[in-house]
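# sequence? don't have it. structure:
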């Protein structure tokens, strides 16, 4: 696979340098591989996100106005090590605590937990909320074990807006957990991405099959199904989200009149043309069920290089979450005016 890079071992560092330039003075690089906003208010409850490089524009592209205050960046497809988590925590801390918000992957959990211990030793109060929106990775009764996928864009946006208004770390933690509970995603894969350093695919799948529920690194999904059309696949994916809301005793099912946020995500190689065709069918599906789409986002937000695939994320809104969604935000990954 052809890639416009230099030294494969310096990809994560060089992309972060480029990301800082893309922010045009709003953000800066600190320490080994962290990025933070240039302006973070005194006494603010800070929001720190993070994860491995190679999935751009997230997570480090979600640093910005009414979004995250900083991000700890790992190497390609690797969790940020504890020392980078610590440097990022110290850089965003303004004395009122720091909330860690990131996807539920074993390496990230281990390294952020160690980073939290190191930060605590430095006198920084830290709390953690894991993003667990992938309905295909565990049943509702074990949703704490789920992976975090494209719903993270909505969740970080909601938590980032809330972080501008709250004065207590516990309150921000509560809001972030609420956003996670109300957000569900399902994805499919049609072809793998590749590892920049080797050019090898991240997984294998028959060209005539679709991996239903497959994760962004090729983690197993619920099944492999024959290649099909956008109009056939889209309802199958949305059915899984609706079924999950119905089966989860911690939240009411989606029903007629409910307002939602809808995010359609390309995993990298899937074109905007394909995403829009799927969005068209998704809106038709939701309209038939009487669901009100309050706002829509579509684009390549959570990717895995040139991986071919798409995901849908739905957030069930209430008055509190709607307030945070309505606040404008600006970043390289996502901007809402």
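Ah, there it is. Predicted, not measured: the structure shown is a model, and the values here were computed from it. Numbers count the residues shown, from 1 in each chain.
# Would you map the strands across the stretch 151-300 of the chain?
Applying DSSP state E, counting those that start in this stretch to the stretch 151-300 of the chain gives strands spanning 183-191, 209-212, 223-226, 259-266, 292-299.
# The ones you listed: which one's closest to residue 282?
strand 259-266 (6.6 Å; Cβ to Cβ). All C-beta spots, glycine's among them, are computed from the backbone N, C-alpha and C.
# residue ranges of the helices in the stretch 1-150 of the chain, please?
11-22, 82-92, 106-121 (DSSP state H, counting those that start in this stretch).
# for those helices, which one ends up most surrounded?
Among these, ranked by average contacts under mean count of other Cβ atoms under 10 Å, first place goes to helix 82-92 (a mean of 23).
# Can you work out which other helices and strands pack against that helix?
strand 27-30, strand 34-37, strand 46-53, strand 70-76, strand 98-103, helix 106-121 (3 or more Cβ pairs under 8 Å, 6 or more residues apart in numbering; DSSP states H and E).
# Repeat the analysis, applying 7 Å as the threshold.
Judged by 3 or more Cβ pairs under 7 Å, 6 or more residues apart in numbering; DSSP states H and E, the packing partners of helix 82-92 are strand 34-37, strand 46-53, strand 70-76, helix 106-121.
# Can you redo these as a markdown table, where the extra columns are distance to residue 307 and mean pLDDT?
Shown next, in a markdown table, are the helices and strands packed on helix 82-92 (distance: least, Cβ to Cβ, whole Å; pLDDT from 0 to 100):
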| stretch | distance to residue 307 | mean pLDDT |
| --- | --- | --- |
| strand 34-37 | 24 | 98 |
| strand 46-53 | 14 | 98 |
| strand 70-76 | 13 | 98 |
| helix 106-121 | 19 | 98 |
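# now those in CSV, with distance to residue 13?
Converted to CSV, those look like this (distance: least, Cβ to Cβ, whole Å):
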stretch, distance to residue 13
strand 34-37, 11
strand 46-53, 9
strand 70-76, 9
helix 106-121, 18
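# re earlier: to residue 301, which of the helices of the stretch 1-150 of the chain lies closest?
Once the helices of the stretch 1-150 of the chain are compared by Cβ to Cβ, helix 11-22 is nearest, at 14.6 Å.
# coming back round to it: dump the strands of the stretch 151-300 of the chain into CSV; add mean neighbour count as well.
Shown next, in CSV, are the strands of the stretch 151-300 of the chain (neighbours: other Cβ atoms under 10 Å):
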stretch, mean neighbour count
strand 183-191, 26
strand 209-212, 20
strand 223-226, 13
strand 259-266, 23
strand 292-299, 15
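# among the ones you listed, which is nearest residue 16?
So among the strands of the stretch 151-300 of the chain, strand 292-299 is nearest, using Cβ to Cβ, at 21.0 Å.
# Let me see the mean pLDDT of the following helix or strand past that closest one.
Downstream of strand 292-299, the first helix or strand assigned by DSSP states H and E is strand 308-316. For strand 308-316, the mean per-residue pLDDT is 98.
# Report the inter-axis angle for strand 308-316 versus strand 183-191.
Angle of strand 308-316 versus strand 183-191, following axes from the mean of the first three to the mean of the last three Cα atoms, to 10 degrees, is 170 degrees.
# Give me the mean pLDDT for stretch 285-297.
98.
# I'd like the domain boundaries of this structure, if you could list them.
10-131, 183-326 (automatic domain parsing).
# a markdown table for the strands of the stretch 151-300 of the chain, including distance to residue 155?
Formatted as a markdown table, the strands of the stretch 151-300 of the chain follow (distance: least, Cβ to Cβ, whole Å):
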| stretch | distance to residue 155 |
| --- | --- |
| strand 183-191 | 6 |
| strand 209-212 | 23 |
| strand 223-226 | 27 |
| strand 259-266 | 10 |
| strand 292-299 | 13 |
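# Identify, out of the domains of the chain, the most deeply packed stretch.
Most buried among the domains of the chain, given mean count of other Cβ under 10 Å as the contact rule, is domain 10-131, at a mean of 20.
# distance between the ends of it?
28 Å (Cα to Cα, to the nearest Å).
# so residue 203 makes contact with residue 192?
Yes. Contact criterion Cβ atoms under 7 Å: residue 203 and residue 192 qualify, at 4.8 Å.
# Identify the contacts common to those two.
Residues touching both residue 203 and residue 192 (Cβ atoms under 7 Å, 6 or more residues apart in numbering): residue 218.
# any residues touching stretch 24-33, and which ones?
12-13, 16-17, 20, 35-38, 63-64, 73, 84, 87, 91.
# Show the contacting residues for residue 310.
Residues in contact with residue 310 (Cβ under 7 Å, 6+ apart) are 187-188, 264-267, 270, 274-275, 278.
# for residue 164, that is, sorry about that
residue 66.
# What's the separation between it and residue 131?
20 Å (Cβ to Cβ, to the nearest Å).
# Over to residue 187?
14 Å.
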